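Peer 1: Next comes the sequence, and after it the predicted model I'd like to discuss.
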Amino acid sequence: MKKIIILFAVSLITVNLFAQTDTTKKPASKQPAPKTRMVDGTPMSAGNDVVKNLSKAKNLTVFVSLLNASGLAETLKGGTYTVFAPTDDAFKKLPGGTIDSLMKPAHSADLNKQVNSYIVQGKLSSKELAKQIKANGQAGITTLAGSVLTSKINTNRNIVLSDASGNQAVVTTFDIEQSNGLVDVLNALLSFGSN
């Protein structure tokens with residue numbers, strides 16, 4: 001009986017040793033899926049470019065239509081950009097007819113300048129921006145239009161952007177990763193006609 005118990009114990013130990021030294025080849029690990037963030041209930045995949053994600057957002061349709069009308073959508077498909085995109089609600093505060101007027105061919109240069117005033121070359125994260133603000137009390141951001149947006153942090157710890165005319169917008173959603181940059185959502189307009 002002792003021999004049987006000893007043989008059984010030895011066989012269990014042997015089985016455990018072989019189980020621990022599995023020599024089968026394991027599949028190569030997959031790349032992690034691109035991050036997805038939600039903007040007004042719409043998923044924004046970090047695997048998509050700036051234009052593709054902006055076009056999917058339900059609350060950024062006016063900005064996207066202006067982007068397309070200005071011809072800048074094609075520009076944004078190449079290179080790396082940070083886009084400060086105002087919501088549709090922000091555009092509702094404009095006087096009637098402002099958007100229609102900007103979309104006319106006679107105003108294409110003005111439209112291009114207006115839309116470019118919301119786009120920055122390169123990837124500017126909120127962390128980097130906050131670091132610059134902390135160092136100087138504020139930070140200047142030069143847009144593709146050549147205008148400078150001033151950024152500060154308000155008492156609610158929000159990043160607030162201001163244009164040269166004093167218009168202000170709070171960054172409500174920030175650092176939405178794109179394959180070629182970042183998108184930040186604004187609650188107000190910084191320029192556009194007479195706002």
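Peer 2: Done, it's in. Numbers count the residues shown, from 1 in each chain.
Peer 1: For the chain, which segments count as strands?
Peer 2: For the chain, applying DSSP state E gives strands covering 36-39, 42-45, 81-86, 119-121, 139-142, 148-153, 159-162, 168-178, 181-186.
Peer 1: now those in CSV, with mean neighbour count and distance to residue 59?
Peer 2: Using the backbone N, CA and C atoms, a C-beta is placed for each residue, glycine as well. Formatted as CSV, those follow (neighbours: other C-beta atoms under 10 Å; distance: least, C-beta to C-beta, whole Å):
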stretch, mean neighbour count, distance to residue 59
strand 36-39, 16, 7
strand 42-45, 16, 8
strand 81-86, 24, 9
strand 119-121, 18, 18
strand 139-142, 15, 23
strand 148-153, 17, 21
strand 159-162, 19, 18
strand 168-178, 19, 10
strand 181-186, 23, 8
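Peer 1: and the ones you listed as CSV, adding distance to residue 54?
Peer 2: Converted to CSV, the strands of the chain look like this (distance: least, C-beta to C-beta, whole Å):
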stretch, distance to residue 54
strand 36-39, 9
strand 42-45, 9
strand 81-86, 6
strand 119-121, 11
strand 139-142, 19
strand 148-153, 19
strand 159-162, 18
strand 168-178, 9
strand 181-186, 7
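Peer 1: any idea how far residue 105 is from residue 185?
Peer 2: 29 Å (C-beta to C-beta, to the nearest Å).
Peer 1: show me what contacts residue 143?
Peer 2: 116-120, 149 (C-beta atoms under 8 Å, 6 or more residues apart in numbering).
Peer 1: again but with residue 121, I slipped
Peer 2: Here residue 121 is in contact with 79-81, 144 (C-beta under 8 Å, 6+ apart).
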